[in-house]
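Colleague: My questions are about this predicted structure, shown below with the sequence.
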Amino acid sequence: MMNKKLIFFDIDGTLVDHEKKIPPSTKDAIEQLQKAGHELVIATGRGPFMLKPVSEALKIESYVSFNGSYAVYNGEVVYSHPIDPARIVELTALSLQNNHPLVYMTPEGMRSSSHQTAYPNEADEALRKRLPPLEPDYHIDKSIYQCLLYCKEEDEGYYKEGFAELGFIRWHRFGSDVLPPGGSKAIGIQALIEKSGFKSEDIYAFGDGINDLEMLQHVHHSVAMGNAPDEVKQAARYVTKDVTEDGIMYGLKMLGLLE
């Protein structure tokens, strides 16, 4: 049997396809890895409360969430890096002034600061459906690990200038993740690696998005999905097939982790 490996998997576009379903070949591949004794970890921009459908279906308990700001290894929190509460208050004030909804995210859930948008003719029902329930004071006396800022890219400059220490990762033409200073999947992953004791040569990661760049550059064996943009593919050591073309199974076989 080969040495035990530590393998990180992004969710959207990696473990799940474009319809948010887990391909049968991916589920089979994960089961084979687990039977072989490898340790698997989810690494995602999602919060812990959003992981359950995937983590329970694949029986993966360890995770790096909120793009690296909150990491759990075998039930133990190994990294916790919330956004400065004072800066959340200031960010809220500016976003409300601009009619840009801000979503506060904790490990338990998420709520919106507002349901009013600056784009009434463009931010149609599809955008509004993305907004969680309204609770303007949700961030008070809570640790907020990530925010979702709903504004267009050309309006994001107000925030990048006023909150230069925070990270902004765009995932939709109307939405960006807002991360604490230095936030990236690589930070949370490193904390988990140190706790696990795995050697660098035994660590792998699969991803497809811009928020996977630091992760793919950080680990020894990095794999970009075939559906990833060129920037992500160039950052990875290997490129597998599209998630809809059994990309996880193909990539694991390519690496020699599965037969």
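Modeller: All right, it came through fine.

Colleague: how about the helices in the stretch 1-150 of the chain?
Modeller: Using DSSP state H, counting those that start in this stretch, the helices found in the stretch 1-150 of the chain span residues 24-35, 52-58, 85-97, 125-130.

Colleague: got TSV for these, with mean neighbour count too?
Modeller: (Each C-beta comes from the backbone N, C-alpha and C, glycine too.) Below are the helices of the stretch 1-150 of the chain laid out as TSV (neighbours: other CB atoms under 10 Å):
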stretch	mean neighbour count
helix 24-35	16
helix 52-58	15
helix 85-97	16
helix 125-130	11
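
Colleague: For the ones you listed, give me TSV that also has distance to residue 158 and mean pLDDT.
Modeller: Formatted as TSV, the helices of the stretch 1-150 of the chain follow (distance: least, CB to CB, whole Å; pLDDT from 0 to 100):
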stretch	distance to residue 158	mean pLDDT
helix 24-35	40	98
helix 52-58	34	96
helix 85-97	7	97
helix 125-130	19	62
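
Colleague: among the ones you listed, which is nearest residue 219?
Modeller: helix 24-35 (15.9 Å; CB to CB).

Colleague: send the alpha carbons of the closest one over as PDB?
Modeller: Output in PDB follows, covering the C-alpha atoms of helix 24-35 (Å, rounded to 0.1, in the frame of the first residue of the first chain):
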ATOM      1  CA  PRO A  24     -21.100   9.100  -9.600                       C
ATOM      2  CA  SER A  25     -17.400   8.600 -10.600                       C
ATOM      3  CA  THR A  26     -16.400  11.300  -8.000                       C
ATOM      4  CA  LYS A  27     -18.300   9.500  -5.200                       C
ATOM      5  CA  ASP A  28     -16.700   6.200  -6.200                       C
ATOM      6  CA  ALA A  29     -13.200   7.800  -6.300                       C
ATOM      7  CA  ILE A  30     -13.600   9.300  -2.800                       C
ATOM      8  CA  GLU A  31     -14.800   6.000  -1.400                       C
ATOM      9  CA  GLN A  32     -11.700   4.200  -2.900                       C
ATOM     10  CA  LEU A  33      -9.400   6.800  -1.400                       C
ATOM     11  CA  GLN A  34     -11.000   6.400   2.000                       C
ATOM     12  CA  LYS A  35     -10.800   2.600   1.900                       C
END
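
Colleague: wouldn't residue 136 be in contact with residue 104 here?
Modeller: No: with contact defined as CB atoms under 8 Å, residue 136 and residue 104 do not form a contacting pair (9.3 Å).

Colleague: Are there residues contacting both of those two? Which ones?
Modeller: residue 113 (CB atoms under 8 Å, 6 or more residues apart in numbering).
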